[in-house]
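[1] below are the sequence and a predicted model; questions follow.
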Amino acid sequence: MALSRKKWNYIIMGASLFMIAVLSLINDKTAKVPSDAVPLFDQQLPLKQLQLNDHWLTLHNDQWQCQPQVLNCHKWAQAWQTIKVSPLSTEPSHDNKVQTLTIAINNMQAAQKWRYFPNEGLLQSSNNNWYQVPPSLRAELQPILAVPSQSK
């Protein structure tokens, strides 16, 4: 028994409404920063310099500077300056895709070596403390790099 055009329209409208509801629910769950999230850097100890694997940014004369390949320098710096994290009490499970993060903070002598797991949004401090970055803040933490031209 074939469905009439009218029944197909009802099915399509119902499926569309269902998808809108699911996407709205997902957006509500991921767009909010958890209440236990705290800033990683504050006014007394602001971020001065950061290196994520081979890509760096630094604050020079109140202006953020990055290596030339980084296209989103200002947004990337802003994301790290204002990052919020939730402390975790135990070591979470994570994949092996890890990035080395070196952080220099104003008014501190030595830089700190951290580990960043971008797929899960996990940060591991040099003291082996674990932190979770909310999903809504993770996308801007990666630099956008210029692709080198392939000349023949």
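    Looks like it came in fine.
[2] in this structure, spot the helix with the most residues.
    As assigned by DSSP state H, the longest helix anywhere in the chain is helix 5-31.
[3] after that one, which helix or strand is next?
    Remark: after helix 5-31, the chain's next helix or strand is strand 38-39, criterion DSSP states H and E.
[4] other SSEs contacting the following helix or strand past that next one?
    Sequence-wise, the next helix or strand downstream of strand 38-39 (DSSP H and E) is strand 47-52. For strand 47-52, the packing partners by 3 or more Cβ pairs under 8 Å, 6 or more residues apart in numbering; DSSP states H and E come out as strand 55-60, helix 73-81, strand 99-105. Every residue, glycine included, has its C-beta placed from N, CA and C.
[5] output those as a markdown table; include the columns mean neighbour count, distance to residue 13 and mean pLDDT.
    Converted to a markdown table, the helices and strands packed on strand 47-52 look like this (neighbours: other Cβ atoms under 10 Å; distance: least, Cβ to Cβ, whole Å; pLDDT from 0 to 100):
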| stretch | mean neighbour count | distance to residue 13 | mean pLDDT |
| --- | --- | --- | --- |
| strand 55-60 | 16 | 47 | 92 |
| helix 73-81 | 17 | 39 | 92 |
| strand 99-105 | 17 | 45 | 92 |
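[6] for residue 29, find the nearest of those.
    Evaluated with Cβ to Cβ, the helices and strands packed on strand 47-52 place helix 73-81 nearest to residue 29, the distance being 20.5 Å.
[7] could you give the angle of the closest one to strand 99-105?
    Between helix 73-81 and strand 99-105, the angle comes out at 80 degrees (axes from the mean of the first three to the mean of the last three Cα atoms, to 10 degrees).
[8] for the next helix or strand after helix 73-81, the averaged confidence score.
    Moving toward the C-terminus from helix 73-81, the next helix or strand (DSSP H and E) is strand 84-88. What strand 84-88 shows for mean pLDDT is 91.
[9] just give the strands next to strand 84-88 in its sheet, each with its orientation.
    strand 38-39 (antiparallel), strand 130-132 (antiparallel) (DSSP bridges).
[10] for the residue nearest the centre of the chain, give me its contacts.
    Closest to where the C-alpha atoms of the chain average out (Cα atoms, centre = their mean) is residue 138, at 1.6 Å. By Cβ atoms under 8 Å, 6 or more residues apart in numbering, the contact set of residue 138 is 118, 121.
[11] many thanks, have a good one.
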